[in-house]
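1. Give me a model of this one.
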Amino acid sequence: MSAHNHDHGHHHHSETSERRVALAMWLTGSFMLVEAFGGWWSGSLALIADAGHMLTDTGALALAWLAVRFARRPADGARSFGYHRAEILAAFLNGATMIALSVWIIFEAALRVVEPVDVAATPMLIVAIGGLAVNIVSFLLLHGAGDSLNMRGAAVHVLGDMLGSVAAVLAAIMILQSGWMPIDPILSVLVALLILRSAWSVTRDAAHILMEGTPDGLDPATIASDLLAHVKDLEDVHHVHAWSLGSSRPVATLHAKIADCGDADTAISAIKSRLGSQFGIAHATVQIEQGKCPDKDHGH
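-> Residues are numbered from 1 along each chain as shown. Purely as a prediction, here's the structure:
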């Protein structure tokens with residue numbers, strides 16, 4: 001296949017993924033409003049909790065959609081690294097909002113266990129079944145949108161929301177069968193804990209990236225040892241820093257001291273090749289030294 005055909009095929013696949021994610025996002029977001037209204041109308045906290053879970057899914061799908069779009073935008077003078085951090089900032093805000101929502105649902109559920117609230121089970125069941133159907137359609141759309149980490153992450157969110165919809169359906173059926181109202185807040189807590197778990201994970205990971213944290217598997221000492229063992233004429237590696245622009249774009253800077261007989265261009269090429277093949281670092285800035293490090297007294 002020619003390079004032109006390959007690029008055209010990749011661009012077409014990217015546009016197809018973008019359309020599928022956008023459709024799943026609009027489906028989930030629209031029915032989230034229906035479910036929130038249905039929860040308020042029927043008095044079901046489980047439906048409101050599931051609507052909250054759908055809100056996390058809408059946020060996750062929006063991030064997936066943005067990631068596909070922003071990946072095609074080139075860097076510019078104002079953003080020399082590109083737009084990858086927009087995804088991380090949105091993820092942090094989305095996760096923090098969902099943590100607050102989860103805490104509110106759990107608090108409200110505790111009040112309802114003490115003083116049960118009557119729930120209109122029939123409209124609750126109808127809305128919950130509708131939510132389950134929307135989640136199934138969204139999952140099928142994402143399943144055909146590719147196998148990237150981005151798409152798989154979005155699909156996991158929707159799969160989790162299916163469990164929330166199932167919980168709301170079960171609560172409605174049990175209320176219709178037995179009239180036992182506490183089942184609604186009890187199952188809503190289970191859904192809230194699902195939201196809390198995923199929201200905490202997203203918020204923690206986003207905060208780590210925003211704080212320029214070292215990505216998993218990119219320990220500076222390990223990188224230095226590996227380069228010393230595999231790059232010819234390399235005498236020392238120091239001032240190693242690794243961070244990430246986005247969820248899967250690690251970058252690094254380092255100082256490398258080479259032997260007097262070594263060639264700087266050859267060393268840089270070998271170091272960058274090793275960083276890419278062994279650590280997945282596609283962008284690295286390497287400072288070559290053949291004497292005393294000019295930054296010796298400026299930290300690690």
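2. Tell me, please, where in this protein the pLDDT is lower than the cut-off.
-> Low-confidence segments of the chain, defined by pLDDT under 70: 1-16, 67-68, 70-72, 75-80, 82-84, 144-157, 160, 295-300.
3. domains for it, by residue range?
-> The record's domain split for the chain, according to automatic domain parsing, is 3-210, 220-289.
4. And the shortest one, end to end?
-> Meaning domain 220-289. The first residue of domain 220-289 is 18 Å away from its last residue (CA to CA, to the nearest Å).
5. so where's the longest strand in this structure?
-> strand 234-244 (DSSP state E).
6. Work out the gap between it and the centre of the chain.
-> In terms of CA atoms, centre = their mean, to the nearest Å, the centre of strand 234-244 is found 28 Å from the chain centre.
7. by contact count, what packs against the host helix or strand of G52?
-> According to DSSP states H and E, G52 maps onto helix 45-70. If you count contacts as 3 or more CB pairs under 8 Å, 6 or more residues apart in numbering; DSSP states H and E, helix 45-70 packs onto helix 3-42, helix 84-114, helix 121-143, helix 149-178, helix 183-210. For the C-beta atoms, the positions are set from N, CA and C on the backbone; glycine is no exception.
8. let's see 6 Å
-> helix 3-42, helix 84-114, helix 149-178, helix 183-210 (3 or more CB pairs under 6 Å, 6 or more residues apart in numbering; DSSP states H and E).
9. would you list those helices in TSV and tack on distance to S269 and mean neighbour count?
-> Formatted as TSV, the helices and strands packed on helix 45-70 follow (distance: least, CB to CB, whole Å; neighbours: other CB atoms under 10 Å):
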stretch	distance to S269	mean neighbour count
helix 3-42	23	17
helix 84-114	25	17
helix 149-178	29	20
helix 183-210	29	20
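10. Dihedrals phi and psi, P182?
-> phi -60, psi -20 (degrees, to the nearest 10).
11. Correct me if wrong: it contacts V114.
-> No - shown here, P182 and V114 do not form a contact pair, counting by CB atoms under 6 Å, at 9.5 Å.
12. before we move on, the earlier item: now the helix holding G52: buried residues?
-> Buried residues in helix 45-70, counted by 16 or more other CB atoms under 10 Å: 45-68.
13. Now tabulate the helices and strands packed on helix 45-70 in JSON lines and tack on distance to A259.
-> Formatted as JSON lines, the helices and strands packed on helix 45-70 follow (distance: least, CB to CB, whole Å):
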{"stretch": "helix 3-42", "distance to A259": "39"}
{"stretch": "helix 84-114", "distance to A259": "37"}
{"stretch": "helix 149-178", "distance to A259": "40"}
{"stretch": "helix 183-210", "distance to A259": "37"}
